[in-house]
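1. got a structure for you, letters missing:
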């Protein structure tokens, strides 16, 4: 069955309306270690691209907005789900925050309006990447930066799905297998989310298994970005390493070694991060 753009939009509105009251419980990016990591990234990017104005596309209930308002003068957030937008905290002493219902492919802003455009855990909820990338490029100022993060790495998904189902794996590996193969069942049991609804809302994850870094890089360059860096994030077991007193000091060293061994280790990272400069 062909899934249309309207199917994907409607599924996302329904899914995120259902999850709006429990979203922070279901998404690992709200964990303190990830919030600290993303906050530093935003601060560094603002130093590079300027901090006058940021657009957060697919802003949800304000994950990026909460972290960015300490670093930016003005933030605009767009999303298609009213139930999520209603939970954004727009209060700030130093930052002007505005949110509205709008689609990423037709952002209601003038050309070259933003220093920074962010899309956190958003790309796999789209029907097609190219129109979104083109619109992001349009609204960025020259020298502006597009940042996205926490979208599924194709090679990790393939590695998890290809593991034999009946083997006795360690607890960290089994958790990763379950997260890839049983997330739909978990959401159905806990929150009554139809697996078909989830798979439609995340069509670029469930149909193609996520994204390949090399393909994202090629597409962004073709659209016109002058510099593109697509990196691998959160290796298997990294959270365990960070949260153990015996291994916390090793986390950065392990990450460095795994990155030095790329592309041999690309299947060990769960997510992809994009930093693209106009």
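-> Everything's here; your move. Since this is a predicted model, take the numbers as computed values, not measurements.

2. tell me the contacts of residue 87?
-> Contact analysis of residue 87 by CB atoms under 8 Å, 6 or more residues apart in numbering lists 20, 61-62. Placement of C-beta: from N, CA and C, glycine included.

3. what pLDDT, on average, does stretch 52-60 get?
-> In this model, stretch 52-60 has a mean pLDDT of 97.

4. Go ahead and measure how far that stretch is from the middle of the chain.
-> 13 Å (CA atoms, centre = their mean, to the nearest Å).

5. Can you measure across it, start residue to end residue?
-> End-to-end distance of stretch 52-60 (CA to CA, to the nearest Å): 22 Å.

6. and for it, what are the contacting residues?
-> By CB under 8 Å, 6+ apart, the surrounding residues in contact with stretch 52-60 are 16, 23, 46, 64-65, 68, 72-81, 84-85, 88, 99, 104, 107, 109, 113-122, 125, 132, 136, 139.

7. Please spell out which residues along it are buried.
-> By neighbour count on 16 or more other CB atoms under 10 Å, the buried set for stretch 52-60 is 53-60.

8. Could you do stretch 215-229 as well?
-> Neighbour counts over stretch 215-229 (16+ other CB under 10 Å) mark 216-217, 220, 223, 225, 228 as buried.

9. ok, now stretch 57-73?
-> Under the neighbour-count criterion of 16+ other CB under 10 Å, stretch 57-73 has 57-69, 71-72 buried.

10. Next step: these restricted to helices.
-> Using DSSP state H, the members of these that fall in helices are 63-68.

11. which of the residues in the helix ranked longest in the chain are buried?
-> With secondary structure taken from DSSP H, the chain has its longest helix at helix 32-49. Across helix 32-49, burial judged by 16+ other CB under 10 Å covers 34, 37-39, 41-42, 45-46, 49.

12. Looking at the residues you listed, spot the one nearest residue 184.
-> Nearest to residue 184 among the buried residues of helix 32-49, counting by CB to CB, is residue 34 at 22.6 Å.

13. Spatially nearest residue to the residue nearest the centre of the chain (excluding sequence neighbours)?
-> Of all residues in the chain, the one closest to the mean position by CA atoms, centre = their mean is residue 121, 1.9 Å from it. In space, and not counting its chain neighbours, residue 121 is closest to residue 150: 4.3 Å by CB to CB, 6 or more residues apart in numbering.

14. Of the buried residues of stretch 52-60, which pair is most distant in space?
-> Greatest spatial distance in those: 53 and 60, 19.5 Å, computed using CB to CB.
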